[in-house]
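Peer 1: Any chance you can model this:
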Amino acid sequence: MGAPYDFDTAVDRRGTWSVQWDGVADRFGVDGLLPFTISDMDFTTAPEVLAALRDRLEHGVFGYTTWQQDDFRSAIAHWYATRYGAEVDTGQLVYGPSVLSQLSQLLQMWTGEGDGVVVHTPTYDGFRKAITGLGRELRGVPVGDEEALERELSRADAKVLVVCSPHNPTGRVWTAEELARTAVLAERYGVAVISDEIHADFVHEGGVGRVHVPWTRVAGGGRWALVTSGSKAFNFPALTGSYGFIGDAGDRAEFLRRMETAEGLASPAVLSLTAHIAAYREGAGWLDAVRAYV
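Peer 2: Have a look, this model is predicted:
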């Protein structure tokens with residue numbers, strides 16, 4: 001299991017502005033409940049991540065920062081190679097403050113008001129809020145029903161398919177064959193794909209769990225984006241920060257233009273970059289240990 005990580009010591013998060021623990025009364029109208037609704041952990045993050053953050057804090061200067069540097073890009077490439085056995089093109093990388101902010105920006109790029117956005121149901125409520133909040137029409141297809149999926153994708157006003165891989169909330173891990181068939185259907189009907197893979201690092205090999213297959217492996221010639229973050233696996237969502245891959249160079253340039261100008265997000269959070277690099281370069285042992293513990 002690697003280093004002797006301590007997962008038995010309870011960390012009291014009350015009074016730390018925690019949505020999970022301090023927001024119970026606001027969200028449910030009753031205080032004192034045990035919350036099982038927010039997907040963050042009560043474990044401290046990997047000690048390797050904490051050490052990197054402490055070193056960066058000691059520097060003492062937190063000026064405007066760029067994510068377009070080799071330490072960040074190569075750490076992501078290393079993670080995909082060692083974790084998923086996948087070679088990625090780091091020239092396709094983009095950055096955003098969160099996965100949902102990336103999703104929203106892509107929906108605004110690839111759809112218009114009233115257009116159909118297809119999701120697998122049951123679906124994560126963040127998708128529902130983003131899609132309907134932008135005035136797009138949410139189109140649901142049951143998980144695993146490929147006939148219903150093709151029917152919805154073939155509709156003239158269907159513009160985007162949001163794939164959650166692995167699926168939230170059912171936990172389904174899509175096989176390479178299922179994803180490849182989905183990519184073929186999307187390309188056939190001219191539907192762009194946004195693949196949210198933020199839970200990829202919780203896939204357990206063997207049995208029904210299989211292995212995670214990044215969308216980059218099956219994308220083909222269609223319009224697509226993969227959006228994700230290390231924040232779920234390593235429990236640092238409060239640092240903000242996510243990244244993605246966008247296949248088309250023109251789409252990539254437009255996405256970055258919107259983020260840097262229209263959204264005013266040219267400079268990322270430096271501590272998020274620091275945490276991602278440390279997690280992807282040095283945190284595999286901790287992640288393996290916490291998965292085994294859970």
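Peer 1: C-alpha from now on. contacts and neighbour counts both.
Peer 2: Fine.
Peer 1: CA atoms of the longest helix along the chain as PDB?
Peer 2: Longest helix in the chain, counting residues (DSSP state H): helix 70-84. Listed next in PDB are the C-alpha coordinates belonging to helix 70-84 (Å, rounded to 0.1, in the frame of the first residue of the first chain):
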ATOM      1  CA  ASP A  70       5.500  22.300 -18.900                       C
ATOM      2  CA  ASP A  71       5.300  21.400 -15.200                       C
ATOM      3  CA  PHE A  72       1.500  21.300 -15.400                       C
ATOM      4  CA  ARG A  73       1.200  19.800 -18.900                       C
ATOM      5  CA  SER A  74       3.700  17.100 -18.300                       C
ATOM      6  CA  ALA A  75       2.200  16.100 -14.900                       C
ATOM      7  CA  ILE A  76      -1.200  15.600 -16.600                       C
ATOM      8  CA  ALA A  77       0.500  13.500 -19.400                       C
ATOM      9  CA  HIS A  78       2.300  11.500 -16.700                       C
ATOM     10  CA  TRP A  79      -1.000  10.800 -14.900                       C
ATOM     11  CA  TYR A  80      -2.800   9.600 -18.000                       C
ATOM     12  CA  ALA A  81       0.100   7.400 -19.100                       C
ATOM     13  CA  THR A  82       0.600   5.800 -15.700                       C
ATOM     14  CA  ARG A  83      -3.000   5.700 -14.500                       C
ATOM     15  CA  TYR A  84      -5.000   4.900 -17.700                       C
END
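Peer 1: State the next helix or strand along the chain beyond it.
Peer 2: strand 93-96 (DSSP states H and E).
Peer 1: Other residues contacting that next one?
Peer 2: By CA atoms under 8 Å, 6 or more residues apart in numbering, the residues outside strand 93-96 that reach it are 67, 73, 102, 241-246, 252, 255-256, 259, 265, 268.
Peer 1: Helices of the stretch 51-200 of the chain, start to end?
Peer 2: For the stretch 51-200 of the chain, the helices defined by DSSP state H, counting those that start in this stretch cover 70-84, 99-110, 125-133, 146-153, 176-188.
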